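*Asks:* 3D model of this:
(chains A, B and C)
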Amino acid sequence: MKRTGTYGIMAEFDSATSLMGAAHRTREAGYIKLDAYSPFPIEGLAEAIGFHSNAVPLVVLIGALIGGLTGYLMQYWISAITYPINVGGKPYHSWPAFIVVTFEMTILFGGISAVLGMLALNGLPMPYHPVFNVPRFAFATKDRFFLIVFSSDPKYSPTETRRFLESLGPRSISEVPD
Amino acid sequence: MKMEEQNGKSRREDVCPSKKDKLDAALDLETARARIAATKGPEYWRSLEELAGSAEFQEMVHREFPKGASEWVDSVSRRGFLKLMGASMALAGMTACTKQPLEPIVPYVRQPEEVVPGRPLFFATAFTLSGYASPILVESHLYRPTKIEGNDRHPASLGGTDIFAQASILGLYDPDRSQTITYLGDVRTWGMFQEAIRGPLSVQKGLQGGGIRILTPTISSPTLADQLSSLLKIYPQAKWHVYEPINRDNVYEGAKMAFGQPLEARYDFEKADVIVSLDADFLYAGFPGSTRYIRDFAKRRNPDSGNMSRLYVVESTMSSTGAKADHRLPLRAVDVETLVRVLPVVEMMNSNPPGLNGEQQVFAADIWRDLQGHHASSAVIAGDHQPAVVHALAHELNQALGNVGKTVFYTDPIDANPVNQAESLKDLVADMRGGKVDILIILGGNPAYDAPVDFGFADALKNTNIPLRVHLGLYQNETAELCQWHINEAHYLEAWGDARAYDGTVSIIQPLIAPLYNGKSAYELIALLAGQVDASGHDLVQSYWKKQHSGADFDVFWRKSLHDGWIEGTTFAPKQVALKTAGLSPHPATNANALEINFRRDPTVHDGQFSNNGWLQELPKPMTKLTWDNPVLIGPAMAARMGLKTEDVVELELNGNKVTAPVWIQAGHPDNSVTVFLGYGRRRAGRAGTGAGFDMYPLRSSATPWFAGGLKITKVGGTYKLASTQGYQTMDTPNGATRPLVRETTLEEYRKEPNFAKEEEPPKELTLYKPYPYEKEPYAWGMAIDLNACVGCNNCIVACQSENNIPVVGKEQVVIGRHMHWLRVDAYYQGDRDNPKAYFQPVPCMQCENAPCEVVCPVGATVHSTEGLNDMTYNRCVGTRYCSNNCPYKVRRFNFLLFQDWETPQYKMMRNPDVTVRSRGVMEKCTYCVQRISEHRIDSEREDRKIQDGELQTACQQSCPANAIIFGNINDPNSRVSKLKAGARNYSLLADLNTRPRTTYLAEIRNPNPELKG
Amino acid sequence: MDERIQPVADENARAPVIEPGYSFGTVTDKISSIVLTRPTSNGWFFGFGVAFLLTMMLLYAIGYLFVRGIGIWGVTIPIGWGFAIVNFVWWIGIGHAGTLISAILLLLRQSWRNSINRFAEAMTLFAVASAGIFPLIHVGRPWLAYWLFPYPNTMRVWPQFRSPLIWDVFAVSTYATISLLFWFIGLIPDLATLRDRADSRALQIIYGILAMGWRGSARHWHRYETAYLLLAGLATPLVLSVHTVVSFDFAIGIVPGWHTTIFPPYFVAGAIYSGFAMVLMLAIPIRKIFQLEDFITERHLQNSAKVMLATGLIVAYGYIVEGFMGWYSGNRYDAFTIWNRLHGPYAFFYYMLLLCNIVIPQVLWIPKLRSSPVWLFLVSGVVLVGMWLERFIIVVVSLHRDFLTSSWGMYYPTRWDWMTYIGTIGMFLAAMFLFVRVLPMISIFEMRTLLPEAEVKE
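*Replies:* Got it, this is the predicted structure:
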């Protein structure tokens, strides 16, 4: 079926356990484009909705390496190449003295890339999102758990999907306008 | 505050102060005028005094500033002073460019004769103290004299100077100098004065000058003496009186006793194997000939020469001469005579002579034995403050030992009028009180402040309304205050003149700069009295010498004399003298327990004439390292008995006169005796001198000018903060250990173990890194300091201060340890506190090859030059002070506040244009006078050669009379410094830290009498 | 099963990290209401007012410093560093607790941290800010302090990377940055909560912007936790390195009393020591005032006390080693430094230091006192004083008598030293007051995970 002006259908649950169960059964029912919302991280929920790949560690690794290299090379370039000066009879390239800054730069770049990487991959900041149109979704940051099947899902049908979700015994069902 | 911010940015120093300064001066003038509008006459000056002394003013000075406030630091008060001076300064046209003197002056060769901007010229002239000339060369930048150096070709200097000569450059530019002629405090002109004095003089013509009295300090100037005698021919009844608080009456009286005529003794310590000093501080500035004596003495103190001399010192207070003694005996001044009298017979005595204890007797015996062993090669020298009879006895001894003509020479006194100055002043006061004086001319000096208390000179001057009282002086001082007329005197660097050195050699004093404030010299004033209106100093001096040296070649003679700095053939020839064997008066019995008080000239402000010289005020006294004050020195034993601690305040009472002052416990001071220093407690000195220290003249009477018994000393409670620049004055730490900072041994031990000073130094290879290849460089600068030669005269400190534009910080800052001297001389006392060994150690920057300071500087403001200098880049310094913390020698100095005076125009003219003037918040330190190195490098490169050894001297080295500091290229194995460093005595300070200092020391060797124990 | 929910089912007698009887809703409301609904008390206004005035005093002192120069302080030659550096090290040390609790305890899966990490991190930020002031203003020409950063400039000059001060610049600025990020990341889900709880449009917008559109998607949570964990992994060596680097300022120097290899470990220990002391000094009044005893329980106090006890003993070991090496090295200068601490003019402060850092804290061996808020508060105060004294001894007493006896000196702080020091304390408190007022001082979402219902039953 084609887009129907809805973004998806959202079911509200009142416990982590029921959300988890619902997520599994939705997957078993063959839906692939779905997401779950919870007020706190739930172990395994991501897997349950079929999300596996996670690029954050790679981003951090790259960031940290760049930081470390920058740190050391900057010091080498400054102290040994562009501004070589005899300081207390020490050689221009006194590597032991350069370790501290190298280390700090590694941490700094690693940390920043962890944060920015996470936000970027999550597509944040994103002030508007269709799910916010659902009034009850406000409780997603308090004590309610939501499962949504996106209208982009090939198996999606306004009636079928709604019926299926009702079969999961949610507290409420609401259609998310696009 | 706004002012401060301007100061933050460094300004270029100009020969002509900028427009802005003119503006300031004008403003100051107005404010000053406004303040004094109401008042007139003497009232005017007093009101300024009060203003300066007023509570509000003090409050303004110290506002919001608990610890650091001081007139030198606090620009608030500096502005205040500028206001006070505004009037006179603007009148003096300080804002005009400097002019060279009108008459031709002759530069010293080694330099092109024409002025090249940026290239200083040198001129030979002479600085005089109590008549004695110190021959000097003055460095002049575009006719601004900036630095004083010794005249290396003059026998009395040989390149050395003394602290007073060095610091006199600051005296020239002292903004507190008297800058106008005044009558009752109102500004007058020279013309007005000529008018005013014409009438009274013509009256005196009738009286044959019976009412004219002229009071001068000691005068050695042939010209001035000639002028005065011709003046006395014009006015036969007029009288010429001479007085100086620090005079040589005892010397001349002693000579009269011994030889029937006033004579001066001259010594040749280069020939003396055994020297016995009877309370004579002959190795310190102010003792006639000290500069030359130090050189000769130091020559004979080289342990490697094989003929090291031996010095015995008997002294009544700890002096730097005593510190250098091989055997030192602290003895009350009054007992010195006893010791001298018993010397020849002491060995025959089996009982203690009266006044001497066993130890002292043994000491005397040993001296005598040693003297006997060195016939014709010893010298006995008596101190100026020992009574005449001691001098006579010393002459006898020298005769008996056959030293006369060998090590001791007698010459005419350089004093043109060698009268007994106490008597002379006494007569004057009598005449004043007797109403016999109509015109009193005071040529310099400050008798109202420093005359003996029993004369009541100031009182006589104030209350015996003498119709015409004229004071010629550099300052509006206590005496000027009591004279109607004050003539602002020209500084010796501004006026022509001549004077005799200690050996009689005459130097022509040629001015370096036209008088800043149109001051007059004594020559010109006397000429005026003699009727020569507007005779110039130059003509007076020249015409006198024309008389002496008639002939066609006068111009050559004149040029040569000016150029060389002295006049050929004027040296006094030694006189053949016959000892009058007239028995000396028997020695009055002395009371062993009577408390004695010693009056000494202050080591830095002398008799008080230098009390407004900031450099000298802040120059640490050689033995106490105190600045800005003159406490009462007492011995440790006496202090313990009286329960006195350093800084406790006591009251001294001597025949009715009382003075309260703090005490300083001085190791090595004789028991039952205290020492006080004259020259402090000035009321009208200027921003630096006024109010500093305590006036001791009220205790000093003409009968006992140098020491007196019967002192009463009582603790009055309370303490007084003293500013010492040295934290701790021994190498023994409180935990009982000793630190090998000054390495010392006896000659015998040294012969047995020459390498005793060497210390386990980490091997060069012992490093992760490859050492920098300094040996490949053309130059590697290094310095060796010979502790054996150094006599602690402090000359290097002042020379450094002058050369490197080092600011004065004021007492409050010194108290909290912020003095700025790049070079300091540490004094350490070791052993028995009642008679300790004392050592001097000059400490400049060590210029370490592995400099700990450089590694920790975050911005690379202090880094190493290829020639091994530890360079300081002021512009890059942000002031973390990490380098100072990490400097084991603590030679770095920090501008905690705006110490440098950026406002006073005079100081702008004084500064060395080759050295950056540092501003607030930057670190500074000794640079090995890098500006001199660059200058010589440029010269040598232009001539396509290397810098010769010896052509390049640092300021401290140049001024050192003892040649204790040797600087040069250690990459050149034949340079003097390399040879010294190769010697056995060479050691580096804190070598175990592996800092590899370029400055090293030659260990000190004493030469005690092997037969003498202790 | 998630380790973090284990302590809730609390078999052994230990106090729980959160009192029973709470649900997602109540936890959320209790914490968010402090920010959103609870009326601002007069006490808050008074406390903030006082702290604010002290901050103004700090600005005045610094202003005058800029005008006159650091000569208004007691620093001199040979004591080139005084209160400024003492306070810097003291504050940086305090600034260690936050990140340590958040990062290291997270890696160690100490779930009890969840209720104190948020304001511990805030405390860290403010402490680091207070510390950061000193290195900038203590230099002779503060307006040039930026020269310590390597930036291209027309002078063509660069910093000198062998200097520990440059290491400081990098260590401290890195630490500040990472701590800020760590703290902010932790805040995002709670900001979303506040966004959704806030009634007024204005607050919704403000918190909304800060929350960056967080909606608790499972994918987001997944990346979020990874990033948070990695950040913790990076912050752990960082927090250990910072005080190590600070200790290099001294250890690299050759001053006797500075030049010692024991410094890095015992500086770090001392930092954690004083950090936890500060955490307790803040936590104890806060839990009382905002009735958070259920979240910040005896358990937290107990654990913090134990950490202090442990680190305190490490510090004591540091002192012992210093003394031992002074004697064992046979170096006359080191030996004297120790002697001087015990008998010199500043001996009194050294004994006070031993009393505050070593003797008194031993009362924490008594379990009763460990769980008594009053006692912990007092002991923490004593430890903070002691740690300040330790830095005073290290900086001033080492410098005032070093190699050449001739250049020994004494150090006396001036009123400007005190005003600056007390001023930073005021600034620190003012920031804390604002923080507890506008942000959730306890991590709401992490508290949720501690609840039984957070458990997913298969």
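*Asks:* and A:P170, helix, strand or coil?
*Replies:* Classification of A:P170 using DSSP: H, G, I helix; E, B strand; the rest coil returns coil.
*Asks:* pull the longest helix from chain A.
*Replies:* As assigned by DSSP state H, the longest helix anywhere in chain A is helix A:95-121.
*Asks:* beyond it, next helix or strand please.
*Replies:* Downstream of helix A:95-121, the first helix or strand assigned by DSSP states H and E is strand A:145-150.
*Asks:* the longest helix of chain A vs chain C: in contact?
*Replies:* Yes: judged by CB under 8 Å from any CB of the partner chain, helix A:95-121 comes into contact with chain C at A:97-98, A:100-101, A:103-105, A:107-108, A:110-112, A:114-115, A:117-119, A:121. The C-beta positions use only the backbone N, C-alpha and C, and glycine is treated the same way.
*Asks:* list the buried residues for that helix?
*Replies:* Buried positions in helix A:95-121, judged by neighbour count with 16 or more other CB atoms under 10 Å in any protein chain shown: A:97-98, A:100-115, A:117-119, A:121.
*Asks:* where exactly do the strands run in the stretch 551-700 of chain B?
*Replies:* For the stretch 551-700 of chain B, strands defined by DSSP state E, counting those that start in this stretch occupy the ranges B:596-601, B:626-627, B:632-634, B:648-654, B:657-665, B:673-678.
*Asks:* compare those and give me the one nearest chain A.
*Replies:* For the strands of the stretch 551-700 of chain B, proximity to chain A was assessed by CB to the nearest CB; strand B:626-627 is nearest, at 33.1 Å.
*Asks:* from the chain's centre, how far out does that closest one sit?
*Replies:* Mean-position distance between strand B:626-627 and its chain equals 14 Å (CA atoms, centre = their mean, to the nearest Å).
*Asks:* let me have the strands of the stretch 551-700 of chain B in a markdown table, adding mean pLDDT, distance to C:P440 and mean neighbour count as columns.
*Replies:* Supplementary listing: the strands of the stretch 551-700 of chain B in a markdown table, determined by pLDDT from 0 to 100; distance: least, CB to CB, whole Å; neighbours: other CB atoms under 10 Å in any protein chain shown:
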| stretch | mean pLDDT | distance to C:P440 | mean neighbour count |
| --- | --- | --- | --- |
| strand B:596-601 | 94 | 78 | 23 |
| strand B:626-627 | 94 | 62 | 23 |
| strand B:632-634 | 95 | 72 | 26 |
| strand B:648-654 | 94 | 65 | 20 |
| strand B:657-665 | 94 | 65 | 20 |
| strand B:673-678 | 94 | 74 | 26 |
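*Asks:* could you redo these as TSV and give each row distance to A:P39?
*Replies:* TSV is the format used below for the strands of the stretch 551-700 of chain B (distance: least, CB to CB, whole Å):
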stretch	distance to A:P39
strand B:596-601	90
strand B:626-627	74
strand B:632-634	84
strand B:648-654	77
strand B:657-665	78
strand B:673-678	86
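*Asks:* quick one, what contacts the closest residue to C:G257 other than its chain neighbours?
*Replies:* Nearest residue to C:G257, sequence neighbours excluded (CB to CB, 6 or more residues apart in numbering or on different chains): C:S398, at 3.1 Å. C:S398 makes contacts with C:F250, C:V255, C:P256, C:G257, C:W258, C:T337, as judged by CB atoms under 8 Å, 6 or more residues apart in numbering or on different chains.
*Asks:* these in helices, which ones?
*Replies:* Of the positions in these, C:F250, C:T337 sit in helices, assigned by DSSP H.
*Asks:* check the contacts of C:S398 and tell me the two furthest apart.
*Replies:* The widest separation within those, taken as CB to CB, falls between C:F250 and C:T337 and amounts to 12.3 Å.
*Asks:* before we move on, the earlier item: of the contacts of C:S398, which is the nearest to chain B?
*Replies:* Distance ranking of those against chain B, using CB to the nearest CB, places C:V255 first at 6.3 Å.
*Asks:* wait, the closest one touches B:N885, no?
*Replies:* Yes: using CB atoms under 8 Å, C:V255 makes contact with B:N885 at a distance of 6.3 Å.
*Asks:* between these two, which is the more surrounded one?
*Replies:* B:N885 (28 against 21; other CB atoms under 10 Å in any protein chain shown).
*Asks:* tell me the SS of the residue nearest to that one when sequence neighbours are not counted?
*Replies:* By the measure of CB to CB, 6+ apart, the closest residue to B:N885 outside its immediate chain neighbours is C:G80, 4.5 Å from it. The assignment at C:G80 comes out as coil when based on three-state DSSP.
*Asks:* contacts only, for C:G80.
*Replies:* If a contact means CB under 8 Å, 6+ apart, then C:G80 has B:R881, B:Y882, B:S884, B:N885, B:F894, C:L399 as its contacts.
*Asks:* show me which residues of the stretch 201-350 of chain C are close to chain B?
*Replies:* The interface of the stretch 201-350 of chain C toward chain B, taken as CB under 8 Å from any CB, is made up of C:D249, C:I252, C:G253, C:I254, C:V255, C:R332, C:A335, C:F336, C:W339, C:N340, C:H343, C:G344.
*Asks:* returning to that earlier point: give me the common contacts of C:V255 and B:N885.
*Replies:* Common contacts of C:V255 and B:N885, defined by CB under 8 Å, 6+ apart, comprise C:L399.
*Asks:* return the distance of B:S316 relative to chain A.
*Replies:* Taking CB to the nearest CB, to the nearest Å as the criterion, B:S316 is separated from chain A by 49 Å.
*Asks:* also C:L384?
*Replies:* Taking CB to the nearest CB as the criterion, C:L384 is separated from chain A by 27 Å.
*Asks:* which residue is it, in the stretch 651-800 of chain B, that comes closest to chain C?
*Replies:* Residue nearest to chain C within the stretch 651-800 of chain B (CB to the nearest CB): B:G727, separated by 3.4 Å.
*Asks:* pLDDT weak spots in chain A?
*Replies:* Chain A contains residues with pLDDT under 70 at A:1-4.
*Asks:* measure the residue most central in space within it to chain B for me?
*Replies:* Nearest residue to the geometric centre of chain A (CA atoms, centre = their mean): A:N122, 4.0 Å. Counting by CB to the nearest CB, the gap between A:N122 and chain B amounts to 40 Å.
*Asks:* tell me who's in contact with the closest residue to that residue other than its chain neighbours.
*Replies:* When the adjacent residues along the chain are set aside, A:N122 lies closest to C:H220, with 4.6 Å between them (CB to CB, 6+ apart). Neighbouring residues of C:H220 by CB under 8 Å, 6+ apart: A:N122, A:L124, C:W214.
*Asks:* could you give the mean pLDDT of the helix or strand harbouring B:H391?
*Replies:* For B:H391, the host element (DSSP H and E) is helix B:388-400. Over the span of helix B:388-400, the pLDDT mean works out to 91.
*Asks:* contacts only, for B:R328.
*Replies:* The contact partners of B:R328, by CB under 8 Å, 6+ apart, come to B:Y312, B:V313, B:V314, B:E315, B:G322, B:G668, B:N835.
*Asks:* which of those lies closest to chain C?
*Replies:* Chain C lies nearest to B:G668 out of the contacts of B:R328, by CB to the nearest CB, at 17.7 Å.
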